[in-house]
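Participant: I would like to see how this sequence folds:
(2 chains)
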Amino acid sequence: MIYLDNAASTRPYDEVIEYLTYLLKENYANPSAIHNYGYTAEKLILDSQKGICEYFNCKPENIIYTSGGTESNNYAIFQGVKINRKNTGKHIITSSIEHSSVKKVFDKLSEEGYDVTYLNVNKYGIIDIDELKDALREDTNLVSIMAVNNEIGSINPIDKIGEIIKSYNKDILFHVDGVQAFTKIDFHLSNVDLYSVSGHKIHATKGVGLLYTKTNKLTPMIIGGGQQRDMRSGTVNMPMIVAMNKAFDIRISNKNKIDEKIHKLKEYFILKLSDIDDIKINSPLDISSDYICSVTFRNVSAEILLRALEMSEHNIIVSAGASCSSKAKLASSTIVQIGGTAVEANSTVRFSFNEFITFDDLDNVIEVLKREVIKLRKLVRK
Amino acid sequence: MDYSMFLIKYGEIGVKGKNKHLFEEALVRRIAEAMKNVGDFKTYRRDGRIYTKAQGEFKYDKAVDALKSVFGIVAICPVYDIDVVSPNELYSYILDICDFIEEYESLTFKVNARRSNKGYPLNSMEINCELGEAILGKYLNTKVDVHNPNLQINIEVRERIFIYFEEISGLGGMPVGTSKKGMLLLSGGIDSPVAGYLMAKRGMPIDAVYFNAPPYTSEQALQKVKDLAQIISKYTGKINLHVVNFTDIQLYIYEKCPHDELTIIMRRYMMKIAQHFAQENGAMALITGESVGQVASQTVESLNCTNNVCELPVFRPLIAFDKQEIVELSKKIGTFETSIQPYEDCCTIFVAKHPVTKPDLTRIIKSERNLVDIDKLYDEAVKTVEIVEIF
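Facilitator: Alright, predicted model coming up:
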């Protein structure tokens, strides 16, 4: 198998799996229990999150562990707008290419009476800074912008955006969906109030994530037993949290090596793609994330190509995220938002990398692609 | 005590002369199969009746539901099955289980006793009278009506005593297994599962063929067909689903033949392959969900062209059905919601923009002459078939 769907989910690192198994066996206490065994579980979390706290330059209480990216995004936005601040109102801003776990929260808030501004993106999927400046108002409450887009890997200038927002009104909350960026693309986070992270995108497991919150005024979205300083009730998922923090540490300590490898992979892949006619690269090198390469293969159905790749001798796994039959959904796909047509959106495949992929793998992928694309293009409806 | 047994009434099969026992045996077999999923039941024939009796706990609704999916059953009677007791004990037992009468303002009833156990102290008429009086005496809201009662209390005194009030309508038709097998061309659509259901209604066991076209069709499309087969297997019994990889044949036809004839030529090959598996498995007919005029490949001209390759008879039980009628039937048998899942099958992906609606057989055969290498692909498709047992 050649797994090129790492933006959807990653294989947990072997060390993470081993450590997780050890934790599951050795400490199954409730971390909130009073006995020492429970305290040990809690201590494991505290000890494991030093690296993450350093990354965010924060204290442990600024980290809230969640079930993953969707919960973190829901939490940040739903609860963020509720924080009582003098100089804000009911205006909120986001971009037109957010992940649905942000987009749908904004839709819901709009139904509830919030005034939403959706910022357009340019042909590379990046928001226009001037448009943001114009959009900010006296009653702006919260701005949520994704760091890296999940479909095409476009990178928003989070540093600059933060500066603009905070110099306009420091009380406006700035939330960043960092799911595709965390440990992959770095930003200055000094102007970021809320930052969402998902465990399974960084070679930890599904079902765990975190929300970094700079402010201590956030109120909980899930209430109950009062775990995590009352910020997120529910028995603390110690093994998966500690395993996620381990995956983070592994990535950070190898960061330069990993980044370099991923960059070379994408560079090589794009170079090799030039052997195939009539394609469009939606994730140009150097201005988008090296982890994601979105390619439109004109006159090819992405869904069929995806299956052909999987059925091939190399069992190649990719994603055709935008591909769907519903026109409404297509219109909101990132490909359409950056100026593509619905047909192009349905012809777009996303390749997303990890550091274990080899150049030989990519050669094999290109060989299969060349063959299958030619085959599929022969079959057009006449 | 709750119901522990069902008395099964059957209609059409009762009049089959010397073959009667074959039909009854088939019905017993099908009932036993259907009850396997409900619990431990013993199904048997006795005195020209079929009974299925619980050997332990079971869920009543699930049992009735299972019996309602067996062809050949006209009515299902949930039965109280008790030891032979004295008339007085019997009356008191019946008065007890009749306490639901109190819920009615007024109710007409009739007692219908049949005593075939000649050792019993009272005859049928005497039981009718005495029990009738006892009911009138206890439930003052009741009246006797022997012609058109609201409630009929049936009592059968045999080696045990059976009491039942209710007749739940069954599906009718003939028990599956009383006819030779048919091979159903099953797509993911609305029509073909209904066609299979209808042929099973006439006693026909079903095997099925599905034409898979990966990568053009998805694993979900195949799963959908398996799900559909699973739903109709409730009525048909076990189905051997033949999954044929049809991609190469389709691509070859696409490459070599006029595009407006693609669907017809493709369907001719589907029929040929289905017939191959029919003959290999002792099926004596093909079954399709075709209905005149529904789509281009189902005009009379098109049906002539596809029929031309078949030696076996092709049963098309939906031939004169309107789409809406088919939809209603599919909802009734429970396939509709699965059929409308949006996964493309091989027919929709390869269809031409303007398919020929009045194909000419001579022209079609001429076009097929371009398919010089088709035999190899045909053999490969037949050889690589994957058979999935569904029950």
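
Participant: give me the residue from the stretch 151-300 of chain B nearest chain A.
Facilitator: Proximity of the stretch 151-300 of chain B to chain A (Cβ to the nearest Cβ) peaks at B:Pro215, 3.4 Å away. (Each C-beta comes from the backbone N, C-alpha and C, glycine too.)

Participant: now do the SS call for that residue.
Facilitator: The three-state label given to B:Pro215 by DSSP: H, G, I helix; E, B strand; the rest coil is coil.

Participant: state the helix or strand in which the closest residue to it other than its chain neighbours lies.
Facilitator: Distances taken as Cβ to Cβ, 6 or more residues apart in numbering or on different chains put A:Arg307 closest to B:Pro215, at 3.4 Å, once the chain neighbours are dropped. Assigned by DSSP states H and E, A:Arg307 belongs to helix A:302-311.

Participant: name the helices or strands packed onto that helix?
Facilitator: With contacts taken as 3 or more Cβ pairs under 8 Å, 6 or more residues apart in numbering or on different chains; DSSP states H and E, helix A:302-311 sits against strand A:316-317, strand A:348-352, helix A:359-378.

Participant: export that helix to PDB, keeping only CA atoms.
Facilitator: These are the backbone C-alpha positions of helix A:302-311, laid out as PDB (Å, rounded to 0.1, in the frame of the first residue of the first chain):
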ATOM      1  CA  ALA A 302     -11.800  11.800  -9.400                       C
ATOM      2  CA  GLU A 303     -13.900   9.200  -7.700                       C
ATOM      3  CA  ILE A 304     -13.200   6.600 -10.400                       C
ATOM      4  CA  LEU A 305      -9.600   7.500 -10.500                       C
ATOM      5  CA  LEU A 306      -9.400   7.100  -6.800                       C
ATOM      6  CA  ARG A 307     -10.800   3.600  -7.100                       C
ATOM      7  CA  ALA A 308      -8.500   2.800 -10.000                       C
ATOM      8  CA  LEU A 309      -5.500   3.800  -7.900                       C
ATOM      9  CA  GLU A 310      -6.600   1.700  -5.000                       C
ATOM     10  CA  MET A 311      -7.300  -1.300  -7.300                       C
END
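
Participant: got a list of contacts for that helix?
Facilitator: A:297, A:316-320, A:322-323, A:346-349, A:365, A:368-369, A:372-373, A:375-376, B:214-216, B:218-219 (Cβ atoms under 8 Å, 6 or more residues apart in numbering or on different chains).

Participant: cool, and stretch A:274-284?
Facilitator: For stretch A:274-284, contacts defined as Cβ under 8 Å, 6+ apart pick out A:124-125, A:152-154, A:266, A:270, A:273, A:289, A:292-299, A:335, A:338, A:340, A:344, A:348, A:366, A:369-370, A:373.

Participant: dump the C-alpha coordinates for it into PDB.
Facilitator: Taking Å, rounded to 0.1, in the frame of the first residue of the first chain, the C-alpha atoms of stretch A:274-284 are listed here in PDB:
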ATOM      1  CA  SER A 274       4.400  17.300 -15.600                       C
ATOM      2  CA  ASP A 275       4.500  14.000 -17.600                       C
ATOM      3  CA  ILE A 276       0.700  14.000 -17.500                       C
ATOM      4  CA  ASP A 277      -1.200  16.200 -19.800                       C
ATOM      5  CA  ASP A 278      -4.100  18.500 -19.000                       C
ATOM      6  CA  ILE A 279      -3.800  18.800 -15.300                       C
ATOM      7  CA  LYS A 280      -3.800  21.700 -12.900                       C
ATOM      8  CA  ILE A 281      -1.900  21.800  -9.700                       C
ATOM      9  CA  ASN A 282      -3.900  23.500  -7.000                       C
ATOM     10  CA  SER A 283      -1.200  23.400  -4.400                       C
ATOM     11  CA  PRO A 284       1.800  25.100  -5.900                       C
END
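
Participant: buried ones in it?
Facilitator: By neighbour count on 16 or more other Cβ atoms under 10 Å in any protein chain shown, the buried set for stretch A:274-284 is A:Ile279, A:Ile281, A:Asn282, A:Ser283.

Participant: averaging pLDDT per element, find the lowest-scoring helix or strand in chain A.
Facilitator: Lowest mean confidence among the helices and strands of chain A (mean pLDDT, DSSP states H and E): helix A:327-331, at a mean of 63.

Participant: how far away from the center of its chain is the next helix or strand after it?
Facilitator: As assigned by DSSP H and E, the chain's next helix or strand after helix A:327-331 is helix A:334-337. Distance of helix A:334-337 from its chain centroid, counting by Cα atoms, centre = their mean, to the nearest Å, is 17 Å.

Participant: looking at A:Thr88 now. What's its pLDDT?
Facilitator: At A:Thr88, the model reports a pLDDT of 86.

Participant: quick check: most distant residue from the centroid of chain B.
Facilitator: Centroid-distance maximum for chain B: B:Gly137 at 45.7 Å, with Cα atoms, centre = their mean.

Participant: could you give the backbone dihedrals for B:Leu286?
Facilitator: Phi and psi for B:Leu286, reported as degrees, to the nearest 10, are phi -100, psi 150.

Participant: distance of the spatially most central residue of chain B from B:Ala134?
Facilitator: For chain B, the residue nearest the mean C-alpha position is B:Tyr235 (3.0 Å; Cα atoms, centre = their mean). Using Cβ to Cβ, to the nearest Å, B:Tyr235 is found at 43 Å from B:Ala134.

Participant: cool, and B:Leu303?
Facilitator: Counting by Cβ to Cβ, the gap from B:Leu303 to B:Ala134 is 65 Å.

Participant: where do the helices sit along the stretch 1-150 of chain B?
Facilitator: Along the stretch 1-150 of chain B, the segments classed as helices by DSSP state H, counting those that start in this stretch run B:20-35, B:60-67, B:87-97, B:124-138.

Participant: please identify the deepest-packed of those.
Facilitator: helix B:20-35 (a mean of 19; mean count of other Cβ atoms under 10 Å in any protein chain shown).

Participant: distance check, the residue of the stretch 201-350 of chain A found nearest chain B against B:Val64.
Facilitator: Nearest to chain B, among the residues of the stretch 201-350 of chain A, is A:Arg307, at 3.4 Å (Cβ to the nearest Cβ). Distance, A:Arg307 to B:Val64, by Cβ to Cβ: 43 Å.

Participant: the helices in the stretch 151-300 of chain B, which residues?
Facilitator: Ranges of helices in the stretch 151-300 of chain B, per DSSP H, counting those that start in this stretch, are B:191-201, B:219-236, B:247-256, B:262-280, B:300-307.

Participant: in contact with B:Leu67, which residues?
Facilitator: B:Leu67 is in contact with B:Phe6, B:Ile8, B:Ile31, B:Ala34, B:Met35, B:Thr52, B:Ile73, B:Ile76, B:Ile168, B:Gly170, counting by Cβ under 8 Å, 6+ apart.

Participant: all good on my end, thank you.
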